[in-house]
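Colleague: just to be clear, the model below is a prediction. Sequence and coordinates:
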Amino acid sequence: MSWIYLFSAALFEIGWAIGLEYTEGFTRPLPSVLTGSAMVLSMGLLAQAVKTLPIGTAYAVWTGIGAVGTAIAGIILFGEPRNIARFLFIGLIITGVIGLKFTGSH
């Protein structure tokens, strides 16, 4: 169950990171409330996950999934650069997250 909490926390992390773009410095009420809610949910789920997962593993996986998801969303939603090097490094992060999943649980 902890890995489900962690993966869900990472999805909410992607949500709030992308949401920041839409808040315009927290001046737009609805995107600001949604982004803030995603932040709270992300942290709350991460807190549940670390009850049984090692903090180093959980935090690295959480940030890794968040970074990859946010980078891909930025490419799709905001036209951020698409190049081989960028995808290579995203792939390296994915490899690290998978490695931590298989080596970091009890």
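Modeller: Cool, the structure landed.
Colleague: please count neighbours and contacts with C-alpha atoms only from this point.
Modeller: Fine.
Colleague: helices along the chain, start to end?
Modeller: 2-23, 29-49, 55-78, 84-103 (DSSP state H).
Colleague: of these, which stretch is the most buried?
Modeller: Stretch with highest mean neighbour count among these: helix 2-23 (a mean of 21; mean count of other C-alpha atoms under 10 Å).
Colleague: contacts for it next, please.
Modeller: For helix 2-23, the external contacting residues (C-alpha atoms under 8 Å, 6 or more residues apart in numbering) are 26, 28-32, 34-36, 38-39, 41-46, 48-53, 58, 61-63, 65-67, 69-70, 73-74.
Colleague: now that helix - C-alpha only, CSV.
Modeller: Extracted C-alpha coordinates of helix 2-23, given in CSV (Å, rounded to 0.1, in the frame of the first residue of the first chain):
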residue,chain,number,x,y,z
SER,A,2,2.9,2.4,0.7
TRP,A,3,4.0,2.3,-2.9
ILE,A,4,0.5,3.2,-4.0
TYR,A,5,0.6,6.2,-1.6
LEU,A,6,3.9,7.1,-3.0
PHE,A,7,2.9,6.9,-6.6
SER,A,8,-0.3,8.9,-5.9
ALA,A,9,1.8,11.5,-4.0
ALA,A,10,4.1,11.8,-7.1
LEU,A,11,1.1,12.3,-9.4
PHE,A,12,-0.2,15.1,-7.2
GLU,A,13,3.4,16.6,-7.2
ILE,A,14,3.2,16.7,-11.0
GLY,A,15,-0.2,18.4,-10.7
TRP,A,16,1.0,21.1,-8.4
ALA,A,17,4.2,21.7,-10.3
ILE,A,18,2.2,22.2,-13.6
GLY,A,19,-0.5,24.1,-11.7
LEU,A,20,2.1,26.7,-10.7
GLU,A,21,2.2,27.8,-14.3
TYR,A,22,-1.5,28.5,-14.3
THR,A,23,-1.7,30.4,-10.9
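Colleague: now the residue positioned nearest the centre of the chain: how far from Leu30?
Modeller: Compute the mean C-alpha point of the chain, and by C-alpha atoms, centre = their mean the closest residue is Gly66, 1.8 Å away. Counting by C-alpha to C-alpha, to the nearest Å, the separation of Gly66 from Leu30 is 22 Å.
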